[in-house]
Each structure stands twice: as structure tokens, then as C-alpha cells.
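*Asks:* below are the sequence and a predicted model for it; my questions follow.
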Amino acid sequence: MKLINSTPICLLLLFVTCVHSMMSYKKSDKVEVFVNKVGPYFNPHETYHYYSLPVCRPDKIEHKSLTLGEVLDGDRMAYSLYDVHFMEDVENKALCTVFIRDEELEQLKEAVEELYYSELVVDDLPVRSFIGRLEESSFLTVPHVHKLHLYNHLTFYISYNRNKIVSVNATVGSTSVSLNKEPPFNVDWTYSVVWKPSDISPDKRLSLLKDYSFFPRTLEIHWLSIINSVILISLLMAFIVVILTRVLRSDFSRYNRVEDEEDLRDDDNGWKIIHADVFRFPKAKSLFCSIIGVGTQLLAIGAGIIMMALFGFFKTSRHGSINTAAILLYALTSYIAGHVSSSYYRKFQGTRWVANIILTASLFSVPCFLVWSCVNSVHWWNGSTQALPFTTVILLMLVWFLIGFPLTIIGGIMGKNTSADFDAPCRTKNIMREIPIQPWYRNMFCHMVFGGFLPFSAISVELYYIFATVWGREVYTLYGILMLVFVLELSVSACVSVALTYFQLSSEDYRWWWRSIFSAGSASFFVFLYSVFFYVRRSNMSGTVQSVEFFGYSILTCFAFFLSLGTVSFFASLKFIRYIYVNLKTD
């Protein structure tokens, strides 16, 4: 009963999170300015509450109600002392006076030295500016200069079209307060507001937000690099398909020729001779079925998020909407994982149904919980806003226990009851055939290197832009290109898996089940190596908080890659093997 009542609520929450409308104002209406967070410029996911610094604050701090996605994104919006009214300019208005002591001075010095920036939110539009500036001479200069300045004035430039706000920018004042003097002393904070009429349609304010250049832009070569990657990978796929088709045609012609057994040469046997062993079920059947079940679920989540992005569900101004969609889609697609896993477990003649369903439900959720617990603990210890509140943690657990886990069980029951027996084209013998000694280049390691490198090369270019978006300041909006790369990645994984499976069977090695999982799944290892390269050479991230989050979630992402691509690889290999043995004449 809980499941029936919770699912519509979950869908409603997803819809409300992704879709919103702009505020309309009348002259002199109050425009709320929310303070959000501060943090080091080069550590995007190391953020702290705005009021953690000694700045102007109300006597009683009140927070804005946030969506699940905003909380997951580290937002902690609170009401501020800024008094802004629609279409009313303000010139050098006093905000407050802050008394700076030794402790507050050290906080401000550290913030300026670490290049802290602040984020305010006006009408769902982020407004960012630096806390202060650092003047430092080179080490060869004598005497050495190390001056710290605090910006104590902010000017808001707000563009509007009729009764709606189009864009909001902010600049710091030309004057500042030196932090090199001895405490205690007072800091007077002031602000100005300048309203500008604009002819730009309010519907286009998201495009203006994309062009906002507080953070550097590095995506100029996107189109050229993506087109180059797509062409090269497409040619490679065509080459593999053509060669494999010609080889298979030759094999069918030779194997199906009606000849006496004495006329068959030894090298003619190949994959035909293992027809009685190729459909022998894999070891660790429960784990195998759980992998393809969860992998199918993750593929559905990825396709669902990309499709929602293409249809405009995710707006740049809605903080964390993709995070919310991912969590709710994971819960709702748990049925797929349970159904696929139990269906194949039934085909493989498994008997431990309860263990299989529990393993399927926990295969990704438990590692995800462990990684999150480690990362969240580090954020909590350092006072970062990325640490989730206790109420949010309870909400996420309820989503999984009331929706995700029950749907996995229901999917498992349906998969077990509706699945038919495994329809193998060839009969499997009781006695296993001896596998010939394989050359070194056909061992598991070489298989994984080749099988993982090609799928990784298909996404290597796009991977940089994804990393720059997730771990940087970029705004990613080319979801059509992302869909193209997604389809291309699945196609390359399938082609590579089929080719490697054919070579393995041709050497009379019928242990293809698990190796098909690791064929394209090993691309996750290359993704992790790239993440290390990105952290060291392509980013300026540093510190314990940012490093733990980056590598923790990178490992979790690589695990998701392994499950997803391994599933595609298995289904492609299974389809291929069924095809060749259905068209083979056997005794």
C-alpha cells in the first residue's frame, strides 16, 4: 500500500523539481536577495555557508525552502539584509557594520588567500563575486609584498523586460578594506542597485546565464573534436562489421558443407566443435544475473536523463534538478533490475531467489552508500554545505526503502514467473570439453585491454567536457551531442564484444560468459585513469575535501560504467552466439 501511494508522489516531485515559472513583479515590489554559499574558486565542490564568514547577517537567520536537488547540490539559501525593490535604484546604501576581531580577521585572510568567491541568488539567478583580492610580489622581490584586501561594496546590475527580471550581475567596488592592519576594527558594508530596461525576452535569460563569464570557458573546440571522434569511431565500427561479416560467411560456407568427417581438416573445427559447451551456464550465476540486471537499470537511467534533457526538463537556473531526476529514476527503474536479474536467473536454473533479489537490490546501492558516507563525513567534519542534512538523508533512505527496494522485489517476482527456459540452439553435454592452451595475446588481460580501450576512445573527447561540467564551472547544454555519443558508445561496445567473442570461440574457448562482461566493462578502468589525469593535469583542485569527493565519486562512476557497458557487451555477445549456432548445421 505504501508503494502505491509513494510512486505518484515521487513522479510529482520530479515534475515540480524540473519545471518552474519566472516571478512577475510590479514597481516597488520587494525582490528577495538570498545568500547561498562561499568556497575556493578552484574547488567547485568545497562550499561553505555564506554566514560562516564574518559578514553582514540578520539577527535571526532564516533559510529558504529548497528542493531536493538544491540540497544535494550544496545550496543553503538564507535571507539577507539587502533591501532591493523592483525598478528602484539604490546608491551606496549602508548594509551594516561588522566588528572584526582576531578570529574574524584570520577567517577573512584565509578566505582571500584561498580565492574564495561568494554566491547570491536573485530571482533564481546566481550572482557571484570574489570576497577580496590578493596582491603578492614574486619571491625575488625585496621586500616581499603580501597584501590582502576585502571587498566591502557590491553593485547589482539588474536587467528587466516589463515585469520580469532578465539578468543579474554584480561588481565589487573600486575601494576595499585592507586586512593587513591590526585588529580590532570596523568594516562598513555598502551596496548599490542599478536597474536597466532590456529588449531581451525573459524566455532567453537562460541563454544569457550560459554566457555569464565569472568562471572561465573552455568548450570552444567542442563541435570540431566531437565530429572528428564520431567519424573515426564510425569508420572503425564499419571496418569491424565488414571484416567479421566476411569471415562469418566463409565459416558458414565451410562448416555447413556436406562432407565426410574424414575430409575435415583440423583447422576447420574452430567454433563449431564447441557447440556442445558454448551454452554451458556461467559460474556465480546469481552475481552474473545481478550485474546484467543492475546494468540494464543504469542504462535506462542514463537514457531517461538524456531524453529529459533533450525535452528541456532541466533548466540552468534550477540547482540540482538532474540530481533529483537521477535519484528518483533510480528508485523507479529498480523494477527493471529485479525483472532482468530474476528472468535470467530463472533461465540459468538458479534456486536461491531471495539471495538473488537482495544481491540485485544492493549491488549498486551499497557501494553508493559507502562512498557517500565517506565523502559526506569529510564534508561534515569540515563544515561544508555539501554535507547532507539529517532530514535529507532520511528522505533518501525512505525513497529507497519504500519505492526502490519494493519495486526490485516486484520485478524479481514478475521476472521469475514470466520467464521461459533458456532456449539454447545446441544441446549441452554433461562432460566439459578440454580447452586448448591459449597463446598469451588471448588471455584475459589482453582481452580486457583491447575490449576496454576502443569503447573508451569513443567517449574520450566528450569525457573531457563532462568532467569540466561536473567538476568545473562549465554549463553543459549540448544534450543532442551527448545522445549521439551515448548511442555511439553502446554501438562500439557491442561491436567490440562480438569481435572478441568470435576470436575467443574460434580458439575453442567456450568460457565467454564472464569474459563478455569484462570486454567493454573494462573501459571503466580507462575512465578512472583519465579521471586521475584530469585531476592532476587539467584542474586546479586541491585539498582533502575536494580530493575525497572527486576520487570517491569517480570510483563510483567507473563502477556504474562497468555495469552498464558490461551489460551491453553481454547481450551483444549472446545475440551473436545465438545467431551463428542457429545457422549452423550440427549432428
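*Replies:* Looks like it came in fine.
*Asks:* what about the longest strand in this structure?
*Replies:* In the chain, with assignment by DSSP state E, the single longest strand is strand 185-197.
*Asks:* next, the buried residues of that strand.
*Replies:* By 16 or more other CB atoms under 10 Å, the buried positions in strand 185-197 come out as 187, 189-193, 195. Quick note: C-beta positions are derived from backbone N, CA and C, even for glycine.
*Asks:* same check on stretch 57-64?
*Replies:* residue 57.
*Asks:* any chance you could list what contacts that stretch?
*Replies:* Applying CB atoms under 8 Å, 6 or more residues apart in numbering, the contact partners of stretch 57-64 are 34, 51, 76-81.
*Asks:* for these, name the two members farthest from one another.
*Replies:* Greatest spatial distance in these: 76 and 81, 16.8 Å, computed using CB to CB.
*Asks:* coming back round to it: and of the contacts of stretch 57-64, the nearest to residue 146?
*Replies:* Scanning the contacts of stretch 57-64 for proximity to residue 146, where the rule is CB to CB, the winner is residue 51, at 27.6 Å.
*Asks:* and the pLDDT for the spatially closest residue to that closest one that is not a sequence neighbour?
*Replies:* Excluding the flanking residues, the one nearest residue 51 by CB to CB, 6 or more residues apart in numbering is residue 57, at 5.0 Å. Residue 57 carries a pLDDT value of 91.
*Asks:* using the three-state scheme, assign residue 57.
*Replies:* What DSSP: H, G, I helix; E, B strand; the rest coil gives for residue 57 is coil.
*Asks:* as TSV, the buried residues of strand 185-197 with pLDDT and distance to residue 495 would be great.
*Replies:* Below are those laid out as TSV (pLDDT from 0 to 100; distance: CB to CB, whole Å):
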residue	pLDDT	distance to residue 495
187	92	64
189	93	62
190	94	64
191	94	60
192	94	61
193	95	59
195	94	58
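*Asks:* which strands border the strand or helix carrying residue 134, and is each parallel or antiparallel?
*Replies:* Residue 134 is part of strand 132-136 when elements are defined by DSSP states H and E. Taking DSSP bridges as the criterion, strand 132-136 sits next to strand 146-150 (antiparallel) in its sheet.
*Asks:* distance between the partner strand and the chain's centre?
*Replies:* 38 Å (CA atoms, centre = their mean, to the nearest Å).
*Asks:* what does that strand rub up against?
*Replies:* Applying CB under 8 Å, 6+ apart, the set of residues contacting strand 146-150 from outside is 108-109, 112-113, 131-137, 176-180, 187.
*Asks:* can you rerun that using 6 Å?
*Replies:* Contacts with strand 146-150, where a contact means CB atoms under 6 Å, 6 or more residues apart in numbering, come from 108-109, 112, 132-136, 176-180.
*Asks:* residue boundaries of the strands in the stretch 101-250 of the chain?
*Replies:* Along the stretch 101-250 of the chain, counting by DSSP state E, counting those that start in this stretch, strands occupy 116-122, 125-130, 132-136, 146-150, 153-161, 164-172, 177-178, 185-197.
*Asks:* still on that earlier bit, among the contacts of strand 146-150, which two are most distant?
*Replies:* The widest separation within those (CB to CB) is 17.7 Å, between 136 and 177.
*Asks:* neighbour-wise, which of those two wins?
*Replies:* residue 177 (19 against 12; other CB atoms under 10 Å).
*Asks:* so how far is residue 101 from that one?
*Replies:* 15 Å (CB to CB, to the nearest Å).
*Asks:* rewinding a little: rounded mean pLDDT for the strand holding residue 134, please.
*Replies:* 86.
*Asks:* list just the nearest of the buried residues of strand 185-197 to residue 313.
*Replies:* Nearest to residue 313 among these, with distances taken as CB to CB, is residue 195, at 31.7 Å.
*Asks:* redo the strands of the stretch 101-250 of the chain as TSV? Include distance to residue 424.
*Replies:* Shown next, in TSV, are those (distance: least, CB to CB, whole Å):
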stretch	distance to residue 424
strand 116-122	59
strand 125-130	58
strand 132-136	70
strand 146-150	74
strand 153-161	67
strand 164-172	63
strand 177-178	79
strand 185-197	72
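*Asks:* mind checking which helix or strand the closest residue to residue 413 other than its chain neighbours is in?
*Replies:* Nearest non-adjacent residue to residue 413, counting by CB to CB, 6+ apart: residue 342, 7.3 Å away. Counting by DSSP H and E, the element that carries residue 342 is helix 334-347.
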